[in-house]
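>>> Could you work out the structure for the sequence below:
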Amino acid sequence: MKNSQFHELFVHELKDIYWAENHLAKELKKMSKSATSEKLSNAIEKHQEETENQIKRLEKVFEIIDVKASGKKCDAMEGLLEEAQEILKSTKEDTMVRDAGIIIACQKVEHYEIASYGSLVHLAKQMGSDECAKILSETLEEEKKTDALLTEIAESEVNEMAVKE
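Got it, this is the predicted structure:
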């Protein structure tokens, strides 16, 4: 299946998310430092560490399919991170309104990643690569947990305080 169009689609999507994760790893540090809520800042820092591990997992998938690990510019992630930067520029420092915006930006990223990894897991299974599917599923579950944690922080702390500012 290595030279099939299906395989090429899988590799294309791997390169896309590889670029996205590498780009995201840098931006998460900025978002963590910009957050007012300690709980939010810690959640973003934890996800930044997970992202570094996710990059290593992607490199393992590239190795399994015998393709050099490289990224292809991900326009979607670039756009989502530009939106995140705009939120930081347009909101006041040390406010829960900014934190609410950071959560929104992070969840948009998480939803993109969930869609990407979910698709990659399915493609890997269709290609008969259970090993790749297992590795990608691990990352998919982390992305879902991060999304749920961001929702919990928004609902239990940030949004209610942001409304009052």
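>>> what residue ranges in the protein score low on pLDDT?
1 (pLDDT under 70).
>>> which residues in it form helices?
Using DSSP state H, the helices of the chain run over residues 5-34, 38-64, 75-90, 96-126, 130-153, 159-164.
>>> Please identify the most buried of the ones you listed.
helix 96-126 (a mean of 20; mean count of other C-beta atoms under 10 Å). To be clear about C-beta, it is placed using only N, CA and C from the backbone, and glycine gets the same treatment.
>>> Could you tell me the angle between that helix and helix 130-153?
Helix 96-126 runs at 160 degrees relative to helix 130-153, counting by axes from the mean of the first three to the mean of the last three C-alpha atoms, to 10 degrees.
>>> same for helix 96-126, what does it pack against?
helix 5-34, helix 38-64, helix 75-90, helix 130-153, helix 159-164 (3 or more C-beta pairs under 8 Å, 6 or more residues apart in numbering; DSSP states H and E).
>>> Mind checking those for the one nearest to residue 121?
Using C-beta to C-beta as the measure, helix 130-153 is the one of the helices and strands packed on helix 96-126 that comes nearest residue 121, at 4.7 Å.
>>> hmm, who's touching the closest one?
The contact list for helix 130-153, computed with C-beta atoms under 8 Å, 6 or more residues apart in numbering, reads 37, 39-40, 43, 47, 50, 54, 57-58, 60-61, 64-65, 103, 106-107, 110-111, 113-114, 117-118, 120-121, 124-125.
>>> Can you say which of the helices and strands packed on helix 96-126 is nearest to residue 96?
Closest to residue 96 of the helices and strands packed on helix 96-126, according to C-beta to C-beta: helix 159-164, at 3.9 Å.
>>> can I get the helices and strands packed on helix 96-126 in a markdown table with distance to residue 99?
Putting the helices and strands packed on helix 96-126 into a markdown table (distance: least, C-beta to C-beta, whole Å) gives the following:
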| stretch | distance to residue 99 |
| --- | --- |
| helix 5-34 | 9 |
| helix 38-64 | 5 |
| helix 75-90 | 10 |
| helix 130-153 | 8 |
| helix 159-164 | 7 |
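>>> Looking at those helices, which is nearest to residue 97?
The nearest among these, by C-beta to C-beta, is helix 159-164 at 4.7 Å.
>>> gap between that closest one and the chain center?
26 Å (C-alpha atoms, centre = their mean, to the nearest Å).
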